[in-house]
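Colleague: Below is the sequence, then the predicted model.
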Amino acid sequence: MEVGVVYVEGENLPSAWEKSLIYLAEKGVVIDTEYGEKSIDSPAVILVKSPYSEPRVHLKGIIAGSLKGLLEYVDEVIKGTHDYLVEKTEYTYHERLFTYKLPDGRVVNQIEKVIEKLRKVPHTRRAQAITWQPWKDLISEHPPCLQRLWFRVVNGELVMHTHMRSNDALKAAFMNMYAFTELQKYVAQQLGVKVGYYMHIVDSYHVYERDWKWFYKFIEQIKSGESMRRWVTTEEYYKMIGLNQQPK
């Protein structure tokens, strides 16, 4: 079976996300899923050269019930606002990254360890944080999609590679990338360095069959340039949701 690989580069988050969808439509193959429906699917590598360049927000990528949902998701990843639900949800990204629980009961704050490592050796290849817990995730119905974060300081800038086993390209990827780059900024701030490029690596970058009609309509809007009306700056986004300044 011939499988095309989505590889795109974009200056900012909206441009990189849109390009990835076009390539997925062109290179993806139809594959069965464990949910009884098909998906268009491809491995993907998405490079965002300047993740904090504006416009940074794509309104079409916010699939959270409300526009404020994007910031709520950021808080979930970085501040752990949904960690109290772990018993029901099995995991949150914050819980796995900041309070990774080992089988013997020990807890590791992986992000703290990453920061400590980078302070000592900025060019290290060992600054990473994982989510996978094989003793439970191999038998889970809903294991984490995010698998690993890898960090390095290059030329005074913190770069981050995100590795995902699975990513809904249409309904999750933009929000994932936005939140993960916020985490990248958090680590950069602790180190006192600038934010560098962001790389989003996915084993299964896909769109479910139920969303194909919407997906291909959106592709047409991207190719025509119509979708760029949904690109907004961070300042514009905050005004839209009733905030006067960036939340701390």
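Modeller: Nice, I can see it.
Colleague: what comes into contact with the lowest-mean-pLDDT helix or strand in the chain?
Modeller: For the chain, the helix or strand with the lowest mean confidence is helix 86-89, at a mean of 89 (criterion: mean pLDDT, DSSP states H and E). Contact with helix 86-89 is made by 82, 92, 95, 142, as judged by C-beta atoms under 8 Å, 6 or more residues apart in numbering. Where C-beta positions appear, they are placed from N, C-alpha and C, glycine not excepted.
Colleague: again, only this time at 7 Å
Modeller: If you take C-beta atoms under 7 Å, 6 or more residues apart in numbering as the criterion, helix 86-89 is touched by 92, 95.
Colleague: Show me what secondary structure element comes after that helix.
Modeller: Going down the chain from helix 86-89, the next helix or strand is helix 93-98, by DSSP states H and E.
Colleague: From the rest of the structure, what touches that following helix?
Modeller: By C-beta under 7 Å, 6+ apart, helix 93-98 touches 76-78, 80, 83, 86, 109-111, 129, 131, 144, 146.
Colleague: please redo it, this time with the cut-off set to 6 Å
Modeller: 77, 80, 83, 86, 109-111, 129, 131, 146 (C-beta atoms under 6 Å, 6 or more residues apart in numbering).
Colleague: Can you show me the helices along this protein?
Modeller: 13-27, 69-78, 86-89, 93-98, 110-120, 134-137, 173-191, 212-224, 234-240 (DSSP state H).
Colleague: Just the C-alphas of the longest one, formatted as CSV.
Modeller: Just to be clear, that refers to helix 173-191. What follows is helix 173-191, C-alpha atoms only, in CSV (Å, rounded to 0.1, in the frame of the first residue of the first chain):
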residue,chain,number,x,y,z
ALA,A,173,-4.9,19.4,15.7
PHE,A,174,-5.1,23.2,15.8
MET,A,175,-6.1,23.3,19.5
ASN,A,176,-3.4,20.7,20.3
MET,A,177,-0.7,22.8,18.6
TYR,A,178,-1.9,26.0,20.2
ALA,A,179,-1.8,24.6,23.7
PHE,A,180,1.5,22.7,23.2
THR,A,181,3.2,25.9,22.0
GLU,A,182,1.9,27.6,25.1
LEU,A,183,3.6,24.9,27.1
GLN,A,184,6.7,25.5,25.0
LYS,A,185,6.5,29.2,25.9
TYR,A,186,6.1,28.3,29.6
VAL,A,187,9.3,26.3,29.6
ALA,A,188,11.2,29.0,27.6
GLN,A,189,10.2,31.6,30.2
GLN,A,190,11.5,29.4,33.0
LEU,A,191,14.8,29.2,31.1
